[in-house]
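Undergrad: pasting the structure only:
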Ligand SMILES: Nc1ncnc2c1ncn2[C@@H]1O[C@H](COP(=O)(O)OP(=O)(O)OP(=O)(O)O)[C@@H](O)[C@H]1O
């Protein structure tokens, strides 16, 4: 879906869900704009009376103060509600981003750096939050205020109104120039921030390699470079931002001075302005009021520009094609079946061509083939991350991409060389937050993986918070086995595990895998493992000609 449409729809949803609050917000915006017009009118009365040596009543002074409190109070309520509205909308947008992540094909993550995606959630999400909290709605409120003030000024002094109208186009051109430059700087900054965001996790991920190869200086330099780009862009934006307000204030002071000088110099000018001393004071109050929202509009335009860049990023993201599984109907067969499967990450360059094989229920089979033949690719096809361009795949009689989420772990478990940990406790590493798995299931899986005694000895047992140093590399693989078998799956997929382990740990893992493989269909990539756990046969994956 087009993101701008989506953002509009999200705004619509928030408005519908908070109808009363939105109506009240509209009323408060109009009320704040209206009441802000009243104090200068009362001030006009007060000054006119004072200038004619008349006393002013206490109630008039109190009324003046009350109006100021009311106008400021309504403005405060208006700002608070606008912020709440913005936050609710950002919530909707971030939820949609999250849902979109789920709909993207696995390949998307290979071609898009994590930092760019993170930046979308954090920086671009914040920019859109600001768009509503300090952008569109505030701009509407400020524009309303400017129009109301102009109207009052015109009704009081056409001359002054014309003078302000003469200045407004100049201010508009000035604002436009600032807007354009700030927009470019914002775009550059966003790009640089995405680079910085990507750099940190990538550096941490490759820290060992960086230290081993002594490329710290290079990594530091490229990080510095990205940060410098961001600072330079921000500097440009801040510079324009910082000159904008003084210029507006200067113009305001010049207008007041011009009106005063002209009115004092000649009666003709005084007549043209057509105002008393009190009116002059009131007009000055209005002029300062009109410049404040005008100045805000400039800031709001900047926020809207920043959000425009964020919206463009989101647009690209939302326009990414969704993962569209072409599922085949289930067949009454257990085990694994590949039927004339052809697949290439790039469809024009197949990795696997017309491959067929069967693994019968409870059979243990080894996949062999030269490096790059496509063994791991077959695992990715079996787990439904990708789907073949031709042919069909069945796991326990089901097309992998048709297996419902909640059934996946009952159908297959996957043990890979890497064990991606999740935030949480040791229990969470095995259940992956699946509340249907009991502690009994977890302890049984740990026992089968040969890790129960180790976990029992941890200070908080299953509740121990997980961190990298808690387990050795071999124990991490045992944890991976426990995670794979905890839901008692029919099929076990074993990738290249037990690499780089000492003989004793490898023996322990093989023992764990032997127990885990009993009464299950097993497909393994490691020859050593397969023979150790008693593989029934081998399937050779042919290497295709380039
Ligand atoms: N995400 C990807 N995008 C594009 N090409 C890929 C991707 N993953 C793997 N490939 C390519 O697909 C081919 C098969 O890779 P695969 O990892 O399946 O081989 P393998 O048989 O498991 O190799 P090895 O035994 O070395 O692990 C390789 O040429 C590889 O470069």
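TA: All right, it came through fine. Remember, it's a predicted structure, so these values are computed and weren't measured experimentally.
Undergrad: per-domain residue ranges of this structure.
TA: For the chain, automatic domain parsing gives the domain ranges 3-318, 336-540.
Undergrad: List just the one of the ones you listed that sits closest to residue 326.
TA: domain 336-540 (6.3 Å; C-beta to C-beta). Every residue, glycine included, has its C-beta placed from N, CA and C.
Undergrad: Which among the domains of the chain is found nearest to residue 329?
TA: Nearest to residue 329, of those and by C-beta to C-beta, is domain 336-540 at 7.7 Å.
Undergrad: can you tell me the distance between the two ends of the closest one?
TA: 16 Å (C-alpha to C-alpha, to the nearest Å).
Undergrad: so which strand or helix has residue 366?
TA: strand 364-368 (DSSP states H and E).
Undergrad: Against which helices or strands is that strand packed?
TA: helix 375-382, strand 521-524, helix 527-532, strand 537-540 (3 or more C-beta pairs under 8 Å, 6 or more residues apart in numbering; DSSP states H and E).
Undergrad: Which residues does that strand contact?
TA: 359, 375, 378, 517, 521-527, 530-531, 533-541 (C-beta atoms under 8 Å, 6 or more residues apart in numbering).
Undergrad: In ChimeraX, how would I select just the buried ones from those residues?
TA: Applying 16 or more other C-beta atoms under 10 Å to the contacts of strand 364-368, the buried members can be selected in ChimeraX as follows:
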select :359,375,378,517,521,522,523,524,525,526,530,533,535,539,541
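Undergrad: ok, and of the contacts of strand 364-368, which contact the ligand?
TA: residue 375 (C-beta under 6 Å from any ligand atom).
Undergrad: can you pull the contacts of whichever residue of the stretch 201-350 of the chain sits closest to the ligand?
TA: For the stretch 201-350 of the chain, the residue closest to the ligand is residue 345, as judged by C-beta to the nearest ligand atom, at 3.3 Å. By C-beta under 8 Å, 6+ apart, the residues touching residue 345 are 107, 351, 377, 386.
Undergrad: Using TSV, lay out the domains of the chain together with mean pLDDT.
TA: As requested, these are exported to TSV (pLDDT from 0 to 100):
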stretch	mean pLDDT
domain 3-318	80
domain 336-540	86
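Undergrad: hang on, the earlier thing: what values do phi and psi take at the residue of the stretch 201-350 of the chain closest to the ligand?
TA: phi -60, psi -40 (degrees, to the nearest 10).
Undergrad: got it, and the one 4 residues further on?
TA: Main-chain dihedrals, residue 349, degrees, to the nearest 10: phi -130, psi 80.
Undergrad: what's across from it in the sheet?
TA: The residues listed as beta-bridge partners of residue 349 by DSSP bridges are residue 346.
Undergrad: What is the burial count for it?
TA: Residue 349 has 9 neighbours, counted by other C-beta atoms under 10 Å.
Undergrad: Find the nearest non-adjacent residue to residue 223, please.
TA: Using C-beta to C-beta, 6 or more residues apart in numbering and skipping residues adjacent in sequence, the residue nearest residue 223 is residue 199, 5.2 Å away.
Undergrad: Which strands or helices does the stretch of helix or strand that neighbour belongs to pack on?
TA: For residue 199, the host element (DSSP H and E) is helix 158-205. Here helix 158-205 touches helix 114-119, helix 137-156, helix 216-265, helix 267-273, helix 277-318, going by 3+ C-beta pairs under 8 Å, 6+ apart.
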